[in-house]
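[1] got a sequence here, can you model it:
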Amino acid sequence: MEHAYLGVDVGSISTKGVIIDKKNGILASQYIWTQGDPIGAVKELVGLLEGQFDKEKYKIVATGTTGSARKLVGVVLGATMVKNEITAHAVGTTTFYPDVRTILEIGGQDSKIILVENGVAVDYAMNTLCAAGTGAFLSSQAKRLGIEVEEIGDYALRSTHPTQIAARCTVFAESDLVHKIQMGHPREDIIAGVCNAVAANYLNNVGKGKKIVSPVVFQGGVSKNKGVVAAFERTLGCPVVVDPNGHLMGALGAAILARRGSKRQEFDFSVENMEFRTREAGCGGCSNHCEIICVYRGDELIDSWGNRCERGARVRG
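    Sure, this is the predicted structure:
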């Protein structure tokens, strides 16, 4: 039976999963919404991946997790590798694009930039404070303009005179957009202006002070928006590569890291039917008053973290 590797990326908005073979070929993939329930989302994800996976030919021998809920999900899935988003995205991207020098990533609520030299991430920046450069901003503006967010790219590419939209922050951008609508600017010009504002906000905030060098790879959910891709290409003056699986790159990186790691543990798909819960417990063992997060499978405590000294290890919720 051939070996396969599972990678899961759980963010605040979306949960992504891939299963790869030993040559990094994708055997199964899925993208769903987290909806404020990372454990529930991962259990749903596992069920969907199982439906695509050939268990007669392959078995999963290592699992990697990344994203904001990587530790929690790692416990639930019995992960052999848990890594931060920067590492996972860098490893995933450089595996498929070894010459990449700049990675742009824009998700639903945050964004990041990773600078690469000789296949190694040497600098990065993240932005979780301003929504004007994220997918959530695009979604809200599409709704305001009465179109589906998936249509934004096509509208933007039809524009010949993009409307200038303030890009300093969400509040300024939204108020300026309403003003331009009231002035009678054509819809396609306003939408192109919104795409330009997203790119400008990203470069002025996340990319501030960073030397962006080609080749440039753009990933994350917003990379699927042709209008924003075109805006980056105009501003940067160079081609911007968008991988068809760019929205899965964090999960791919996690799976590749699991494959490269030395630890092996066969994955059990029955995790989708298990009951997990978390509980916060206060530790009064010292003046730190740590908040301990305890993870239970049924009534069994399977892991806990949050203690800053050994006294917290005694807390069981």
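
[2] from now on I want contacts and neighbour counts done on CA atoms only, so please keep to that.
    Noted.

[3] how about the helices in this structure?
    Remark: helices assigned in the chain by DSSP state H are 38-52, 70-77, 85-96, 135-145, 152-157, 170-183, 187-205, 226-236, 249-260.

[4] need the contact list for S223.
    105-106, 229, 242, 246-247 (C-alpha atoms under 8 Å, 6 or more residues apart in numbering).

[5] of these, closest to I152?
    Ranked by distance to I152 (C-alpha to C-alpha), these are led by V229 at 11.5 Å.

[6] poorly predicted segments of the protein, please.
    Along the chain, the model assigns pLDDT under 70 to residues 128-134, 167-171, 311-317.

[7] cutoff 50 now
    Scanning the chain for pLDDT under 50 picks out 317.

[8] and which of the contacts of S223 is nearest to G47?
    Distances from G47 to the contacts of S223, taken by C-alpha to C-alpha, are shortest for H247, at 19.8 Å.

[9] my read: the closest one touches N225, true?
    No - counting by C-alpha atoms under 8 Å, H247 stays clear of N225, with 11.5 Å between them.

[10] more neighbours: these two, which one.
    A count of neighbours by other C-alpha atoms under 10 Å puts H247 above the other of H247 and N225, at 23 against 20.

[11] any idea how far that one lies from D21?
    Look at H247 and D21: by C-alpha to C-alpha, to the nearest Å, they are 19 Å apart.

[12] still on that earlier bit, deepest-packed of the helices of the chain, please.
    helix 249-260 (a mean of 29; mean count of other C-alpha atoms under 10 Å).

[13] give me the distance from that one to the chain's centre.
    Averaging C-alpha positions (C-alpha atoms, centre = their mean, to the nearest Å) puts helix 249-260 13 Å from its chain's average.

[14] by contact count, what packs against it?
    strand 2-10, strand 14-20, strand 58-66, strand 81-82, helix 85-96 (3 or more C-alpha pairs under 8 Å, 6 or more residues apart in numbering; DSSP states H and E).

[15] can you redo those as a markdown table with distance to E233?
    Converted to a markdown table, the helices and strands packed on helix 249-260 look like this (distance: least, C-alpha to C-alpha, whole Å):
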| stretch | distance to E233 |
| --- | --- |
| strand 2-10 | 28 |
| strand 14-20 | 26 |
| strand 58-66 | 29 |
| strand 81-82 | 34 |
| helix 85-96 | 19 |
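
[16] wait, which of those is closest to G209?
    So among the helices and strands packed on helix 249-260, helix 85-96 is nearest, using C-alpha to C-alpha, at 18.4 Å.

[17] tilt between the closest one and helix 249-260?
    With axes from the mean of the first three to the mean of the last three C-alpha atoms, to 10 degrees defining the directions, helix 85-96 sits at 80 degrees from helix 249-260.

[18] got the CA coordinates for helix 85-96 in CSV?
    What follows is helix 85-96, C-alpha atoms only, in CSV (Å, rounded to 0.1, in the frame of the first residue of the first chain):
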residue,chain,number,x,y,z
GLU,A,85,1.3,29.7,8.6
ILE,A,86,4.4,31.5,7.4
THR,A,87,6.5,28.3,7.3
ALA,A,88,3.6,26.2,5.7
HIS,A,89,2.9,28.8,3.0
ALA,A,90,6.6,29.2,2.3
VAL,A,91,7.3,25.5,2.1
GLY,A,92,4.2,24.9,-0.1
THR,A,93,5.0,27.7,-2.5
THR,A,94,8.8,27.0,-2.9
THR,A,95,8.1,23.3,-3.5
PHE,A,96,6.1,24.2,-6.6
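
[19] angle of that helix against strand 2-10?
    Using the same axes, to 10 degrees: helix 85-96 against strand 2-10 is 140 degrees.

[20] chain center to helix 85-96: distance?
    12 Å.

[21] tell me the angle of it relative to strand 58-66?
    130 degrees.

[22] helices or strands up against helix 85-96?
    strand 111-117, strand 120-127, helix 249-260.

[23] with distance to D176 added, can I get these in TSV?
    Putting the helices and strands packed on helix 85-96 into TSV (distance: least, C-alpha to C-alpha, whole Å) gives the following:
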stretch	distance to D176
strand 111-117	23
strand 120-127	22
helix 249-260	34
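
[24] among these, which is nearest G25?
    Of those, nearest to G25 by C-alpha to C-alpha is helix 249-260, at 9.8 Å.

[25] ok, and what's touching that closest one?
    5-9, 16-20, 22, 24, 62-67, 80-83, 85, 87-93, 219-220.

[26] end-to-end on stretch 286-293?
    Stretch 286-293 end-to-end distance (C-alpha to C-alpha) = 17 Å.
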